[in-house]
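J.: generate a structure from the sequence data that follows.
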Amino acid sequence: MNSGHTVFRQLLQFLPRHDFKVCVHRYRGEYWVKKFSTFDQFLCLSYAQISGRESLREIDTCLNSHREKLYHIGFRGDVSRTTLADANERRDWRIFQDFGQVLIGIAQRLYQDEPLSIELKQPLFAFDSTTIDLCLSLFPWAEFRKTKAAVKMHTLIDLRGSIPTFVAITTGKVNDVRMLDKLPVQEDAVYTMDRGYIDYARLFAIHKQGAFFVVRAKDNLKFQRLYSLQKDKEAGIRADQVITLVTKKSKKGYPERLRRVSYVDKEQNKRFVFLTNNFDITAKTVADVYKQRWQVELFFKWIKQHLRIKAFYGTSINAVKSQIWVALCMYLLVAITKKRLGIQCSLYTFLQILEVNLFEKKPISSLTAEALKQNPESSDCNQLNLVNY
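T.: Purely as a prediction, here's the structure:
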């Protein structure tokens, strides 16, 4: 990497610019634009995400304090608070959504050989949502409760590398289970979800597409046991049963047999009951698959703490969705850069190093190596282990 380039510029060199232009052209992002391009807007929001800027005024002030470096980074228009605000309000947020999908594809290919922490040959995904609270008077369109506004970020995580593969942004009022209708299902893959996603007709639709699910059962589950399988009490398995549902509605939604696994987590001294349509893996693997669901919770915690999706730069639905998708783009870009440069530290540690050195003119690899020498504990972190922050 050319040491004459700033760290910010080096990071942006991993962006597929042609694909970005295709996304801009698809939604006419440059229509009637004279000075402030879509890429200028993307750079401003990207800088805000990495550096932790909380407002449009901060973005304007901080970027213009490095005015002589902006052209070499890629800026072609003047950065001003009003121009950025107008772009966030008017420029179609789907540009950044589509570009995020491009980066998802790149990241998935880079991390496809990452090992899972459990013994499972099939692709493993976790699906969940997080709620981002908003002020009702400023965001009246974000329906949630009578006195509160919110948006939800429904996310499917590929657990080989903790890469988000599907993201849908809705108002807080949208029920989580409805998003199963939009879930992209891959044949032979395993999807793990919490009990809030139990809808037997929708789970049966996943089953009919040749995929598998592991979901925590509700306490009021009504079923009939057909027969029991051998259980490993030493591994915490209390029951491994083949069942059918018995209530009229549930049986109509899922007419075929299911597998019910009762498991006691000895560390938490807590009992869990799981439902799955996978009869080939062991009962302990079923429990281990569900445990991996916490990776999506850690992803939400990580992205809320270290990227800017709680303080928004605009109040319209277009501005909010643009900011969330640029935040995801930067998460993916940092993950891509880390993998391609072979950086051996946690993603959070890598982001911290980038954050304080954005305008330094040193190669990213050597800059990271120097930082890790001073803090050797960081280098022991796993590639995308979101627990280590």
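J.: residue 239 touches residue 260, doesn't it?
T.: Yes: contact criterion Cβ atoms under 8 Å: residue 239 and residue 260 qualify, at 6.9 Å. Backbone N, C-alpha and C define where each C-beta goes, glycine included.
J.: which one's more surrounded, the two?
T.: The neighbour comparison of residue 239 against residue 260 (other Cβ atoms under 10 Å) goes to residue 260, with 21 against 14.
J.: beta partners of the more buried one?
T.: residue 241, residue 275 (DSSP bridges).
J.: ok, it touching residue 277?
T.: No: taking Cβ under 8 Å as the definition, residue 260 is not a contact partner of residue 277, at 11.2 Å.
J.: helix or strand for residue 101, which one?
T.: Assessed by DSSP states H and E, residue 101 sits inside helix 94-111.
J.: quick one: contacts for residue 15?
T.: For residue 15, the contacting residues are residue 333, by Cβ atoms under 8 Å, 6 or more residues apart in numbering.
J.: for residue 110, give me the pLDDT.
T.: With respect to pLDDT, residue 110 scores 91.
J.: looking at residue 2 now. What's its pLDDT?
T.: The per-residue pLDDT reported for residue 2 equals 50.
J.: residue 378 now?
T.: For residue 378, the model assigns a pLDDT of 46.
J.: what of the one 4 residues further on?
T.: pLDDT, residue 382: 41.
J.: one more: residue 358?
T.: Value listed for residue 358 in the pLDDT field: 85.
J.: the nearest residue to it once chain neighbours are set aside in helix, strand or coil?
T.: Residue nearest to residue 358 in three dimensions, not counting chain neighbours: residue 8, with 4.5 Å by Cβ to Cβ, 6 or more residues apart in numbering. The local conformation at residue 8, judged by DSSP: H, G, I helix; E, B strand; the rest coil, is helix.
J.: ok, residue 8 to residue 69 distance?
T.: According to Cβ to Cβ, to the nearest Å, residue 8 and residue 69 sit 8 Å apart.
J.: please apply the same query to residue 336.
T.: In terms of Cβ to Cβ, residue 336 sits 23 Å off from residue 69.
J.: same question, residue 139
T.: For residue 139, the distance to residue 69 - Cβ to Cβ - is 35 Å.
J.: those two: who's more crowded?
T.: More crowded of residue 139 and residue 69, by other Cβ under 10 Å: residue 139, with 23 against 17.
J.: residues near the closest residue to the more buried one other than its chain neighbours, how many?
T.: Counting by Cβ to Cβ, 6+ apart, residue 139 lies nearest to residue 149, which is 4.4 Å off, once chain neighbours are set aside. By other Cβ under 10 Å, the residues close to residue 149 number 21.
J.: where do the strands sit along the stretch 51-200 of the chain?
T.: Along the stretch 51-200 of the chain, counting by DSSP state E, counting those that start in this stretch, strands occupy 124-134, 149-158, 163-171, 190-193.
J.: restricting to C-alpha, output the last one in CSV.
T.: The one in question is strand 190-193. Output in CSV follows, covering the C-alpha atoms of strand 190-193 (Å, rounded to 0.1, in the frame of the first residue of the first chain):
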residue,chain,number,x,y,z
VAL,A,190,-29.5,-24.2,9.2
TYR,A,191,-31.3,-21.1,10.6
THR,A,192,-31.5,-20.5,14.3
MET,A,193,-34.0,-18.1,15.9
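J.: list the contacts of it.
T.: The contact list for strand 190-193 (Cβ under 8 Å, 6+ apart) reads 120, 122-128, 156, 183, 185, 206, 211-216, 278, 289-290, 292-293.
J.: what's the average pLDDT for that strand?
T.: Rounded mean pLDDT across strand 190-193 is 95.
J.: next structured bit after it?
T.: Strand 190-193 is succeeded, C-terminally, by helix 200-208 (DSSP H and E).
J.: where does the closest residue to residue 247 other than its chain neighbours land on pLDDT?
T.: Leaving out its chain neighbours, the residue that sits closest to residue 247 by Cβ to Cβ, 6+ apart is residue 222, at 5.1 Å. For residue 222, the pLDDT comes out at 93.
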